[in-house]
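**Student:** Just the structure for this:
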Amino acid sequence: MNIKTNVFLHVASCIKIVLKLHPRKIIFLSIINIGYALLWMLQVYSTQSFFDNVTNLIGVPGRFTTIIISLILMSIVYVLFHIMDGFTNCYPEIIGLEIEKELKKMLFKRMEQLECIDFEDTERLDYINRAMNGSSRLIWIVMVIWDVLFYYIAYFIFIGWYLFSLKPILAISILIVFVPCVLAQIGRIPMFRKLEKQSSSERRKRDYFKKCLTDKEYFKETRLLGATNFFEEKFVSSLKLLNKLQFNLFVRKTIVDTLLTLITVAGYSAIIFLVFVFVMRQEISIGAFAAIIASITSLYRFMNKLVGERVGWAVGNIGAVDSFVDFVDSKDLHQSQDDCLSTSDIELRDVFFAYPSANSNALINLNLVIKSQESIAIVGGNGSGKSTLCKVIMGLYQPSEGSVRFGDLSKRNMNFEGISAVFQKFNRYNMTLRDNVSISQIESSSNERLTTAINQSGLNTNKSAFEDDIDTMIGREFGGIELSGGQWQRVAIARGLFRSSNLIILDEPTAAIDPLEEARLYQQFIKLSEGKTSIIVTHRLGAATLADRIIVMKHGEIVQIGSHKELFACEGEYKKMFEAQSQWYV
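**Tutor:** Residues are numbered from 1 along each chain as shown. So this is what the prediction gives:
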């Protein structure tokens, strides 16, 4: 399928999406546009009628009333036209805002169905960026198409019929000017698609460097290290590259636009000349001459606006919209159905995993059975694969080879219901403490259940700091209180404990808590996890001693498995690590 055919299919898909979302409003807009175009025609006709009456009837006794009536009719048409003009400017904006909201929902729904590994793939991230860019532009491209179909074309039909009734050659002249301009705009589509593909990666870099300069998450370190100039240079360099890509395209676009303008002006001049010749030969009336000049002037303005602005803008953004349509229509997205079973063992069979574009596997030939309701600790040095293993077990990442099974079910066919986790890099939501903790099951956020989870996490919600108790806003972004790193970690842990689950994982969420406090917290966690399968990921081995079994990882492989007593009794990686850390727990 060639590019142009593909584009027209995407345009049809855009129209189908919008019609499905708000069919009545779009149909009403079509009627309004046709009515607006008809009022333009009535303006032309009423202008001709008025000038013809003035020319033919002025000085004729008793016919002055006819001139007044034609003037009143022309005034009524002009008033109706300006009322309709205001309405047609306002109504599409209202529809656009409503439909754009629905398009964002479609985008978010598809984003939710993506595999987590997609967010590790640079090309996939570029594609997602283009889709997000296109979601905000689709509705306005459809509005342009709708204007072309039901306003501009209707206007050209009405005015063409009017001019044809006077002199057929006048209507043909419009087509000679109009058709080449539209075809030239359609020919631009491949250029803009290429620009969108080239720009998406650099646009993400620009936005990232801007975030490094302005975002709360970065500004303290950026300023302290004196790195502002560094990121400014990165931002400006990325911006220059984007501008260069756009400049090269718009130079070519400007050349084409200039040629189109010359064609349009030539056509406009030729039509004016023909009208002048016809009126001098008395082949058309003075009223028709005035009406034609007015209509041709409007037509020339319409041509500039339609071809140079509206169609030009739509063509320039069709590349981004293509990506959005592809994205929301894609059928290969993962849709899990079955819940995590509370009585199921978890089995990894010959599991390998590699990140996109990586030269080596992050997990290598893992075979492991985690029994139902067993507590497991996963330990190892940085980069040993601990967190990656947890993400594969949870189903966030799918194995490159091998399988993960919960009983008789493959994790690939399961959703995330019944699974809870607290990650090392947890999110700090600028919301109330209640919403922060209950975000996974907001419908079950009873005060008693919330308070229990918060108390279990060890977070102290004294009245001096939390004036509104669990309804206190936290995070300074929206005027709430700021928490320390350790307090934020306890909020994240409370969030994980609050969620109803059969499998719960703590993936090193306690970096801001001292080793003894961490051991106390994990001890409480093991107790709270009775009746569940629980996994602790840590590089501090004091907490690992609490688990039923310990899995020791190194370079993506499982090098030891056993209880603390079994592993400490033999020489190996675990014993070395434990002895190196023993002073923390004296």
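**Student:** All the helices of the stretch 401-550 of the chain, in order from the start?
**Tutor:** Counting by DSSP state H, counting those that start in this stretch, one finds helices in the stretch 401-550 of the chain at the ranges 433-438, 447-457, 485-498, 515-528, 541-544.
**Student:** ah, wrong one, I meant the stretch 101-250 of the chain
**Tutor:** Counting by DSSP H, counting those that start in this stretch, the helices of the stretch 101-250 of the chain are 122-135, 138-147, 153-166, 168-187, 189-214, 216-224, 228-280.
**Student:** Which one of the ones you listed has the poorest average confidence?
**Tutor:** Looking at the helices of the stretch 101-250 of the chain, the lowest mean pLDDT belongs to helix 168-187 (a mean of 68).
**Student:** With mean neighbour count and distance to residue 98 added, can I get the helices of the stretch 401-550 of the chain in CSV?
**Tutor:** The way it works is simple: take the backbone N, C-alpha and C, and place the C-beta from them, glycine included. As requested, the helices of the stretch 401-550 of the chain are exported to CSV (neighbours: other Cβ atoms under 10 Å; distance: least, Cβ to Cβ, whole Å):
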stretch, mean neighbour count, distance to residue 98
helix 433-438, 23, 27
helix 447-457, 17, 35
helix 485-498, 22, 34
helix 515-528, 17, 46
helix 541-544, 24, 52
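**Student:** Could you point out which of those sits nearest residue 232?
**Tutor:** helix 485-498 (28.6 Å; Cβ to Cβ).
**Student:** tilt between that closest one and helix 447-457?
**Tutor:** 130 degrees (axes from the mean of the first three to the mean of the last three Cα atoms, to 10 degrees).
**Student:** Can you spell out which helices and strands pack onto helix 485-498?
**Tutor:** Using 3 or more Cβ pairs under 8 Å, 6 or more residues apart in numbering; DSSP states H and E, the elements in contact with helix 485-498 are strand 418-423, helix 433-438, helix 447-457, strand 501-507, helix 515-528.
**Student:** Would you confirm that residue 558 contacts residue 549?
**Tutor:** No - the criterion here is Cβ atoms under 8 Å, and residue 558 misses it with residue 549 at 11.4 Å.
**Student:** of all the helices of the stretch 101-250 of the chain, which lies closest to residue 470?
**Tutor:** helix 216-224 (24.1 Å).
**Student:** Can you pull out the residues in contact with the closest one?
**Tutor:** 211, 212, 213, 227, 228, 231, 477 (Cβ atoms under 8 Å, 6 or more residues apart in numbering).
**Student:** how about 10 Å then?
**Tutor:** Helix 216-224 is contacted from outside by 208, 211-215, 227-228, 230-231, 428, 430, 475-477, using Cβ atoms under 10 Å, 6 or more residues apart in numbering.
**Student:** Please identify the buried residues of that helix?
**Tutor:** Neighbour-count burial for helix 216-224 flags residue 222 (criterion: 16 or more other Cβ atoms under 10 Å).
**Student:** and what of stretch 65-85?
**Tutor:** Buried, per 16+ other Cβ under 10 Å, within stretch 65-85: 67, 70, 74, 77, 81, 84.
**Student:** what about residue 52, distance to residue 503?
**Tutor:** 85 Å (Cβ to Cβ, to the nearest Å).
**Student:** quick one, which of these two is more surrounded?
**Tutor:** Neighbour tally, residue 52 and residue 503, criterion other Cβ atoms under 10 Å: the higher count belongs to residue 503, 25 against 17.
**Student:** From what I see, residue 91 and residue 22 are in contact.
**Tutor:** No - the criterion here is Cβ atoms under 10 Å, and residue 91 misses it with residue 22 at 11.8 Å.
**Student:** between those two, what contacts are shared?
**Tutor:** Contacts common to residue 91 and residue 22, judged by Cβ under 10 Å, 6+ apart, are 28, 29.
**Student:** related to what we said a few turns ago, the helices of the stretch 401-550 of the chain into a markdown table, with extra columns for mean pLDDT?
**Tutor:** Formatted as a markdown table, the helices of the stretch 401-550 of the chain follow (pLDDT from 0 to 100):
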| stretch | mean pLDDT |
| --- | --- |
| helix 433-438 | 89 |
| helix 447-457 | 86 |
| helix 485-498 | 86 |
| helix 515-528 | 74 |
| helix 541-544 | 77 |
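**Student:** Would you format the ones you listed as CSV with distance to residue 150 included?
**Tutor:** Conversion of the helices of the stretch 401-550 of the chain to CSV gives the following (distance: least, Cβ to Cβ, whole Å):
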stretch, distance to residue 150
helix 433-438, 45
helix 447-457, 54
helix 485-498, 51
helix 515-528, 63
helix 541-544, 68
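**Student:** And the ones you listed: which comes nearest residue 119?
**Tutor:** Counting by Cβ to Cβ, residue 119 lies closest to helix 485-498 out of these; the figure is 19.8 Å.
**Student:** mind saving the C-alpha coords of that closest one as PDB?
**Tutor:** The C-alpha trace of helix 485-498 is given here as PDB (Å, rounded to 0.1, in the frame of the first residue of the first chain):
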ATOM      1  CA  GLY A 485      12.600  10.700  52.100                       C
ATOM      2  CA  GLY A 486      11.900   8.100  54.800                       C
ATOM      3  CA  GLN A 487       8.300   9.400  55.300                       C
ATOM      4  CA  TRP A 488       7.700   9.100  51.500                       C
ATOM      5  CA  GLN A 489       9.000   5.600  51.500                       C
ATOM      6  CA  ARG A 490       6.600   4.700  54.300                       C
ATOM      7  CA  VAL A 491       3.800   6.200  52.300                       C
ATOM      8  CA  ALA A 492       4.800   3.900  49.400                       C
ATOM      9  CA  ILE A 493       5.000   0.900  51.700                       C
ATOM     10  CA  ALA A 494       1.500   1.700  53.100                       C
ATOM     11  CA  ARG A 495       0.200   1.900  49.500                       C
ATOM     12  CA  GLY A 496       1.600  -1.600  48.800                       C
ATOM     13  CA  LEU A 497       0.200  -3.000  52.100                       C
ATOM     14  CA  PHE A 498      -3.200  -1.500  51.400                       C
END
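**Student:** Quick one: work out the angle between that helix and helix 515-528.
**Tutor:** Computed by the same axes, to 10 degrees, the angle between helix 485-498 and helix 515-528 is 10 degrees.
**Student:** tilt between helix 485-498 and strand 418-423?
**Tutor:** Using the same axes, to 10 degrees: helix 485-498 against strand 418-423 is 170 degrees.
**Student:** ok, so what distance separates residue 23 from residue 99?
**Tutor:** Taken as Cβ to Cβ, the span from residue 23 to residue 99 is 11 Å.
**Student:** Then residue 483?
**Tutor:** From residue 483 to residue 99 the distance is 40 Å (Cβ to Cβ).
**Student:** Same check on residue 254?
**Tutor:** From residue 254 to residue 99 the distance is 32 Å (Cβ to Cβ).
**Student:** Have a look at the two and say which one is more surrounded.
**Tutor:** Ranked by neighbour count (other Cβ under 10 Å), residue 254 and residue 99 place residue 99 first, with 22 against 10.
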